[in-house]
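Student: I'll drop the sequence and a predicted model, then ask my questions.
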Amino acid sequence: MKRSKVVSLSVLFLGLIMSLNLFAQDEKEIQKVYDKKKLVKLKLVLGDCRVEKSSDGKIHVDLVYTYDDDNFEPRFAEKSRSIEVRERFHGDNPRGYAKWTISVPNETKVDFKSATGDFYAEGVTAEIEGSTGTGEIEIVDAKGQFDISTGTGNIEVTNSEGEFDLSSGTGHVWMVNSTGNFDASSGTGDVEAKDITIEYDGEFSSGTGDAEVTRPKGDDFDLSVSSGTDDATLNMAGSPIDGYFEFRANARRGRISSPIKFDDEEEYSEGDNDYVRKSFTKGKSSRRFYIRTGTGRAKLTR
């Protein structure tokens, strides 16, 4: 019985080794190097893409893929001011994957589009603009301008600095330990930010999910936290409650809560809806906080 088990395990292990070797043989790689350009354009279909900082001031394009060459055609085009890489597929239901790694010098603009691929950027100083239909997006340790959207994927930004315009149709948007100006939104997913420093303006909104900002920092800025149907929360998490705070909710179906007594309260109509607006000022009014919901709860917590 023991001998039978040993033989079975040996056969299983041998099969695993053979499968890994076959997989490695199927993996193909293309590497290209270009002089510095102002723009890198990525027009992908299924491939994932990673953008990182170049170590030598040149643009490096590395593609690893397992698609059959009869079905998958990577294209590369160089112009005087730009590099363009593109995926083209032939036939239906291709099997495999493509992983692009693009290394760029500082101050390069990256313009990407993908149908289903994920996008990841780390350690770059760049202007990044693009969209993916169903992919995930992650920005880490980056500086610059970021105008990025996904249809159904999540967006995560960590330890970054710059101008952020981020949107997801149904995914979650999360920001932590970042500095700059922010416009982050989701149609149905949650939108959350924690330990951010706002220079002038921050807007965090969800149509039908929760929106929450925790421990925002900065001197003179406007911060808006809003949700159409769920909760909009400003969580000071031990930071001083200092500034002008304004709350709004549907008069019949929304709620407002605050640990600080309000200076002013009013009810007003806008279109076919009635709203309640409450506000107070504590300390300097140059920091302005707007917490709004339709049918959820607009709340401030210590």
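Tutor: Everything's here; your move. Numbers count the residues shown, from 1 in each chain.

Student: for Thr281, which non-adjacent residue is closest in space?
Tutor: Tyr244 (4.8 Å; CB to CB, 6 or more residues apart in numbering). Quick note: C-beta positions are derived from backbone N, CA and C, even for glycine.

Student: now Asp242
Tutor: Using CB to CB, 6+ apart and skipping residues adjacent in sequence, the residue nearest Asp242 is Gly283, 3.7 Å away.

Student: report pLDDT for that neighbour.
Tutor: Residue-level confidence at Gly283 comes out at 92, pLDDT.

Student: returning to what we had before: go ahead and confirm the residue nearest to Thr281 touches Asp264.
Tutor: No - counting by CB atoms under 8 Å, Asp264 is not a contact partner of Tyr244; they are 10.7 Å apart.

Student: overlap of the contact sets of these two?
Tutor: 279-280 (CB atoms under 8 Å, 6 or more residues apart in numbering).

Student: which of the two has more residues huddled nearby?
Tutor: Neighbours per residue, other CB atoms under 10 Å: of Tyr244 and Asp264, the larger number sits with Tyr244, 18 against 10.

Student: quick one: the more buried one and Leu223, what's the gap?
Tutor: 11 Å (CB to CB, to the nearest Å).

Student: just Arg288 next, same as before
Tutor: Arg288 is 7 Å from Leu223, by CB to CB.

Student: try Leu300
Tutor: 12 Å.

Student: shared neighbours of those two, anything?
Tutor: Listed as contacting both Leu300 and Leu223 by CB under 8 Å, 6+ apart are 234, 289.

Student: next, count neighbours for the residue nearest to Asp242.
Tutor: Per other CB under 10 Å, the neighbour tally for Gly283 reads 11.

Student: contact partners for it?
Tutor: By CB under 8 Å, 6+ apart, Gly283 lies in contact with 240-243.

Student: show the contacting residues for the spatially most central residue of the chain.
Tutor: Centroid-nearest residue in the chain, with CA atoms, centre = their mean: Ile155, separated by 2.4 Å. By CB under 8 Å, 6+ apart, Ile155 lies in contact with 136-138, 148, 166-168, 171-174, 184.

Student: who's it bridged to?
Tutor: Ile137, Val173 (DSSP bridges).

Student: also Ser167?
Tutor: In beta-bridge terms (that is, DSSP bridges), Ser167 pairs with Ser149, Ser185.

Student: that one and Ile137, how far apart?
Tutor: Ser167 is 10 Å from Ile137, by CB to CB.

Student: check Asn181 too.
Tutor: For Asn181, the distance to Ile137 equals 18 Å [CB to CB].

Student: who has more neighbours, those two?
Tutor: For the pair Asn181 and Ile137, the greater number of neighbours falls to Ile137 (27 against 17), based on other CB under 10 Å.

Student: hmm, that one is touching Gly153, no?
Tutor: Yes - contact criterion CB under 8 Å: Ile137 and Gly153 qualify, at 6.3 Å.

Student: any common contacting residues for those two?
Tutor: Taking CB under 8 Å, 6+ apart as the contact criterion, the common neighbours of Ile137 and Gly153 are Asp118.

Student: what about Ser80, neighbour count?
Tutor: Ser80 has 6 nearby residues by other CB under 10 Å.

Student: how much space separates it from Thr125?
Tutor: Distance from Ser80 to Thr125, by CB to CB: 23 Å.

Student: same thing with Gly153?
Tutor: 24 Å.

Student: more crowded one of the two?
Tutor: The residue with more neighbours, out of Gly153 and Thr125, is Gly153; 23 against 15, by other CB under 10 Å.

Student: check what pLDDT that one gets.
Tutor: The model's pLDDT for Gly153 equals 98.

Student: hmm, Thr134 is touching Ser168, no?
Tutor: No - when contacts are counted by CB under 8 Å, Thr134 is not listed as touching Ser168 (10.6 Å).

Student: need the overlap of contacts for these two.
Tutor: The contact lists of Thr134 and Ser168 share 150-153, where a contact means CB under 8 Å, 6+ apart.

Student: what is the nearest of the residues you listed to Arg253?
Tutor: Thr152 (28.2 Å; CB to CB).

Student: and the closest one, how far from Gly283?
Tutor: 42 Å.

Student: for Ile196, same thing?
Tutor: For Ile196 relative to Gly283 (CB to CB), the value is 20 Å.

Student: repeat for Ile155
Tutor: Taken as CB to CB, the span from Ile155 to Gly283 is 33 Å.

Student: quick one: stretch 121-136 to chain centroid distance?
Tutor: Offset of stretch 121-136 from its chain centre (CA atoms, centre = their mean, to the nearest Å): 8 Å.

Student: Arg288 and Leu223: which has the busier surroundings?
Tutor: Leu223 (23 against 16).
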